[in-house]
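J.: show me how the following folds:
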Amino acid sequence: MTELPHDYENRVYAGVLGKIIGVYLGRPFEQWSYERIAAELGEIGGYVHERMNVPLIVSDDDITGTFTFFRALTDRGCPPGLTAAQIGETWLNDIIENKTILWWGGIGLSTEHTAWCRLAAGVPAPESGSAALNGTTVAEQIGSQIFIDAWGLANPGDPERAADFAQRAASVSHDGLAIHGAQVVAAMVAAAFGERDVDRMISLALEQIPDSSLIRTMSDDIRAWHAADPGDWRRTFEKIREVYGYSRYGGGCHIVPNHALIHLALRHSGGDFHDAQRIVNTAGWDTDCNAGNVGCILGVAGGLAGLDGGPDWRGPVADRILLPTAEGGAAITDALRESFQIINAARALRGIAPAAPKGGARFHFSLPGSVQGFLPESPDALRLDNTAGALACHILEPEGTRRAFTATFTPKENFSVGSYSMSACPTLHPGQTVRARWISPASNSGPIGVRLALKTYDENLCLKPLEGPGADLGPGTDGALAWTIPALDGFPIAAVGFEVFPGGIGGSPGSAVPEALRGRTLLLDSLDWSGAPTASLMPSKTGNVWAHAWVRTMEGCVAYDANTTITIHHSRPGGFLLQGSRDWCDYAFRARVEIRLAESFALVIRAQGLRRHYSLRIGPSGIARLVKECDGESVLAEAACPWVLNRARELEISARGDRIRASVDGAILLEARDSSLAGGAAGFLLDRGGAIVQSADVEALA
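T.: Residues are numbered from 1 along each chain as shown. Next comes the predicted model:
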């Protein structure tokens with residue numbers, strides 16, 4: 001296995017940024033023709049979301065699938081022999097039917113929907129994606145390559161190994177030419193760590209697929225067309241459209257035409273990130289997919305410096321990523337966080353200990369330019385950038401609020417925007433302690449103040465600020481702030497951040513900055529919280545915003561009785577209602593529940609999706625079971641437990657280290673030891689029935 005390059009972390013981060021920049025750039029005009037783009041938008045030289053009145057940061061299958069399906073590797077300890085069947089299990093674990101990641105266009109029409117249906121029916125990968133089962137047209141659509149970049153990022157300088165992983169991942173849902181295209185993209189990403197020459201990069205990738213593949217023939221044609229007329233990409237595009245265009249390849253979005261545009265952009269740009277994005281987006285067709293793949297390849301090839309010198313790609317994005325899946329606590333994330341997931345997977349594959357910048361802090365800003373989603377409320381009053389691996393907060397002249405925040409829950413503009421539903425839990429809860437370390441540079445002319453802050457949603461989905469502790473720091477000093485978040489009446493925390501006071505906390509926060517205070521800077525070195533909260537997960541007394549904080553597959557989830565109970569129901573097996581994150585490790589989950597009717601009811605803890613969790617299950621058999629589901633289901637312990645309907649019962653399940661314990665109506669019934677799952681969400685699992693939840697509480701265990 002190849003060694004990791006000396007600049008590996010920066011190059012992975014550049015590849016992740018290139019991927020999301022390309023997707024966000026091409027997303028608003030996905031599937032437009034070249035003619036329509038030329039007529040309505042002109043040549044694409046930068047983001048167009050404001051012109052089209054749509055958000056820049058949205059949930060999207062290209063991004064969510066790329067980073068979610070890679071969990072098949074990390075969830076299993078990064079085995080080199082990871083199988084297609086195991087990657088298929090990750091699909092079933094993380095995808096919520098008809099809601100997340102995939103285009104749910106119907107079996108036989110949407111390739112990924114078809115594959116998911118096969119998996120759900122018990123057909124394992126790679127059969128789930130085979131042309132023999134699904135037909136060649138369905139099997140050769142584009143989805144295989146749009147989810148594939150992370151496998152190249154984890155195998156730097158090793159296109160053969162990247163293509164091998166890509167073959168396994170792509171075969172979950174695709175076959176034939178679609179697998180070849182995915183292998184080529186992943187191999188180009190891997191090759192880009194050591195090869196800047198586009199022709200050589202493509203050649204190394206093509207060596208990973210059969211000589212007879214149409215993908216190789218097409219690439220050779222594009223090479224020849226480019227060589228004959230290197231100055232005009234549009235002439236090459238016309239040849240692509242004539243020989244390999246949509247009119248020749250069926251289905252909703254075939255891989256051949258779109259894979260051709262990746263080669264078009266790479267060759268005619270000469271490997272320049274900015275030119276490649278201009279070409280691949282102006283050409284049209286599946287713009288976000290193609291631009292994302294091109295962005296990742298050239299992000300790696302050119303590094304972080306290659307993203308500079310053109311349009312401001314990084315500033316508007318600010319590292320932000322949304323990954324709506326069944327693991328709601330991982331939905332609100334950022335490019336640096338996802339980069340280190342890949343970096344540490346690559347390290348694990350090589351037997352190297354994981355990297356944990358600044359003690360593993362959630363926000364560590366350790367790579368150049370990273371801001372991890374922090375944005376100022378008033379850019380004229382406060383400017384943010386990255387200085388020496390910290391978030392630098394620069395005081396500007398005008399009046400205005402000098403606050404900045406990063407999202408901890410679904411941003412308001414994303415509740416009902418985009419083709420892919422948001423499914424997220426808050427990452428920060430009451431009872432957790434936020435810790436931040438600050439540095440005041442010696443160049444400051446006097447003290448500067450800072451106060452931690454939150455934004456919570458109210459009953460109308462409006463944002464409400466909450467102030468935390470603060471401190472003044474003199475020039476050349478550093479300091480730490482800690483804030484245990486108080487109870488918030490059930491309202492989700494939308495964002496965490498801070499407010500900066502130019503002359504110290506005693507000054508007026510919104511006034512113009514006096515001459516003597518201008519130019520002062522404060523550095524946020526790190527910000528973190530971890531562990532389970534001690535808090536109620538029940539609804540607030542007013543409004544229904546609480547419902548957004550749960551990830552659910554249940555058909556029904558409604559608050560009644562002045563929002564003091566939750567009524568849940570599900571007419572099939574597998575109705576989940578989950579809240580929490582993987583940093584919820586040692587905790588007890590207690591609920592008072594009245595079961596009206598059910599084939600099975602369970603309290604769930606340490607849930608990492610739909611097929612990775614522990615549960616206390618009770619049912620009409622009169623047996624209570626402590627169950628582990630993790631690459632299969634196993635019963636850890638069982639005991640007699642009367643099945644009682646229409647009467648409230650006290651249920652509890654807890655985990656501390658490897659000890660799992662459960663009780664019913666105050667009596668400890670079950671205990672077992674298992675270390676498969678270290679942390680995850682809490683919630684309910686209901687099979688064909690209905691129940692009323694009267695209370696639901698999490699308690700952190702020391």
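
J.: pretty sure Leu603 is touching His613, no?
T.: No - counting by C-beta atoms under 8 Å, Leu603 does not reach His613; the two are 10.3 Å apart. For every residue, glycine as well, the C-beta is placed using N, CA and C.

J.: find the residue at the geometric middle of this protein.
T.: Nearest to the geometric centre of the chain sits Leu323, at 3.0 Å (C-alpha atoms, centre = their mean).

J.: now for that residue: which residues touch it?
T.: By C-beta atoms under 8 Å, 6 or more residues apart in numbering, the residues touching Leu323 are 59, 63-64, 67-68, 330-331, 333, 338.

J.: also Asp525?
T.: Asp525 makes contacts with 358, 365, 389-390, 437-439, 478, as judged by C-beta under 8 Å, 6+ apart.

J.: put the buried members of the residues you listed into a PyMOL selection.
T.: Applying 16 or more other C-beta atoms under 10 Å to the contacts of Asp525, the buried members can be selected in PyMOL as follows:
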select buried, resi 358+365+389+390+437+438+439
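
J.: find the helix or strand that Asp489 is a member of.
T.: Secondary structure assignment for Asp489, by DSSP states H and E: no helix or strand.

J.: which non-adjacent residue is nearest it?
T.: Spatial nearest neighbour of Asp489, chain neighbours left out: Ser540 (4.8 Å); criterion: C-beta to C-beta, 6 or more residues apart in numbering.

J.: give me the pLDDT for Ala487.
T.: Per-residue confidence at Ala487 stands at 89 (pLDDT).

J.: that should have said Arg612, apologies.
T.: 98.

J.: what does Glu399 give?
T.: 75.

J.: how far away is it from Ala381?
T.: 7 Å (C-beta to C-beta, to the nearest Å).

J.: and if you look at Gly42?
T.: Gly42 sits 34 Å away from Ala381, going by C-beta to C-beta.

J.: okay, and Glu35 sits in which element?
T.: Counting by DSSP H and E, Glu35 is found in helix 34-40.

J.: what sits against Ala662?
T.: Residues in contact with Ala662 (C-beta under 8 Å, 6+ apart) are 603, 616, 624, 626, 651-654, 668-671.

J.: do that again at 6 Å, thanks
T.: 616, 626, 653, 669-670 (C-beta atoms under 6 Å, 6 or more residues apart in numbering).

J.: just checking, next helix/strand downstream of the helix or strand where it lies?
T.: In the assignment (DSSP H and E), Ala662 maps to strand 659-664. Using DSSP H and E, the helix or strand that follows strand 659-664 in sequence is strand 667-673.

J.: so for that next one, mean pLDDT?
T.: On average, strand 667-673 scores 97.

J.: next one: stretch 359-378
T.: Stretch 359-378 comes out at a mean pLDDT of 97.

J.: pull the CA atoms of it into PDB?
T.: The C-alpha trace of stretch 359-378 is given here as PDB (Å, rounded to 0.1, in the frame of the first residue of the first chain):
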ATOM      1  CA  GLY A 359      -7.300  17.000  21.100                       C
ATOM      2  CA  GLY A 360     -10.000  16.000  18.700                       C
ATOM      3  CA  ALA A 361     -12.000  19.200  19.000                       C
ATOM      4  CA  ARG A 362     -15.100  19.400  16.900                       C
ATOM      5  CA  PHE A 363     -14.000  22.900  15.500                       C
ATOM      6  CA  HIS A 364     -10.200  23.100  15.200                       C
ATOM      7  CA  PHE A 365      -9.600  25.100  12.000                       C
ATOM      8  CA  SER A 366      -6.300  23.300  11.600                       C
ATOM      9  CA  LEU A 367      -6.100  23.400   7.800                       C
ATOM     10  CA  PRO A 368      -5.500  26.600   5.700                       C
ATOM     11  CA  GLY A 369      -8.700  28.700   5.100                       C
ATOM     12  CA  SER A 370     -11.000  26.500   7.100                       C
ATOM     13  CA  VAL A 371     -13.900  28.300   8.900                       C
ATOM     14  CA  GLN A 372     -16.100  25.200   9.500                       C
ATOM     15  CA  GLY A 373     -19.400  26.900   8.800                       C
ATOM     16  CA  PHE A 374     -18.800  30.100  10.900                       C
ATOM     17  CA  LEU A 375     -20.300  33.200   9.300                       C
ATOM     18  CA  PRO A 376     -20.600  36.700  10.700                       C
ATOM     19  CA  GLU A 377     -24.100  38.200  11.100                       C
ATOM     20  CA  SER A 378     -22.800  41.600   9.800                       C
END
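
J.: by mean pLDDT, point me to the weakest helix or strand of the chain.
T.: Across the helices and strands of the chain, mean confidence by mean pLDDT, DSSP states H and E is lowest for strand 556-560: a mean of 86.

J.: strand partners (parallel or antiparallel) of that one?
T.: For strand 556-560, the pairing partners within the sheet under DSSP bridges are strand 565-570 (antiparallel).

J.: following element in sequence after the strand it pairs with, please.
T.: Later in the chain than strand 565-570, the nearest helix or strand by DSSP H and E is strand 575-579.

J.: re the thing from before, now do the contacts for the residue nearest to Asp489.
T.: Counting by C-beta under 6 Å, 6+ apart, Ser540 makes contact with 489-491, 546.

J.: residues near Asn386, how many?
T.: Neighbour count of Asn386, defined by other C-beta atoms under 10 Å: 18.

J.: surely it is within a helix?
T.: No - in this structure, Asn386 is strand, not part of a helix, as judged by DSSP: H, G, I helix; E, B strand; the rest coil.

J.: SS state for Ala436?
T.: strand.

J.: show the pLDDT at it.
T.: pLDDT at Ala436 comes out at 98.

J.: what are the bridge partners for it, then?
T.: Bridge pairing for Ala436 (DSSP bridges) gives the partners Leu481, Leu527.

J.: what's around it, how many residues?
T.: 24.

J.: in CSV, list the C-alpha atoms belonging to the least confident helix or strand of the chain.
T.: Output of strand 556-560 as CSV, limited to C-alpha atoms (Å, rounded to 0.1, in the frame of the first residue of the first chain):
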residue,chain,number,x,y,z
GLY,A,556,-47.1,9.1,12.5
CYS,A,557,-45.5,11.3,15.2
VAL,A,558,-47.8,14.0,16.7
ALA,A,559,-47.9,16.0,19.9
TYR,A,560,-51.1,16.1,21.9
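
J.: surely Asp687 and Arg572 touch.
T.: No - applying C-beta atoms under 6 Å as the test, Asp687 and Arg572 come out as separate, 7.7 Å apart.

J.: make CSV out of the contacts of Ala662 and add neighbour count and distance to Val280.
T.: Below are the contacts of Ala662 laid out as CSV (neighbours: other C-beta atoms under 10 Å; distance: C-beta to C-beta, whole Å):
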residue, neighbour count, distance to Val280
Leu616, 29, 51
Leu626, 23, 52
Ile653, 26, 50
Leu669, 20, 59
Leu670, 21, 56
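
J.: list just the nearest of these to Phe237.
T.: Among these, Ile653 lies closest to Phe237 (C-beta to C-beta), at 58.7 Å.

J.: mind listing what's buried along the helix or strand hosting that closest one?
T.: Counting by DSSP H and E, the element that carries Ile653 is strand 648-656. For strand 648-656, burial by neighbour count (16+ other C-beta under 10 Å) applies to 648-649, 651-655.

J.: and the contacts of Leu323, which of them are in strands?
T.: Among the contacts of Leu323, the members falling in strands (DSSP state E) are Thr333.

J.: most neighbours, which of the contacts of Leu323?
T.: In the contacts of Leu323, the most neighbours by other C-beta under 10 Å go to Ile63, 29 neighbours.

J.: touching stretch 32-50 from outside, list them.
T.: Under the criterion C-beta under 6 Å, 6+ apart, residues 25, 28, 56, 278, 281-284, 311 lie in contact with stretch 32-50.
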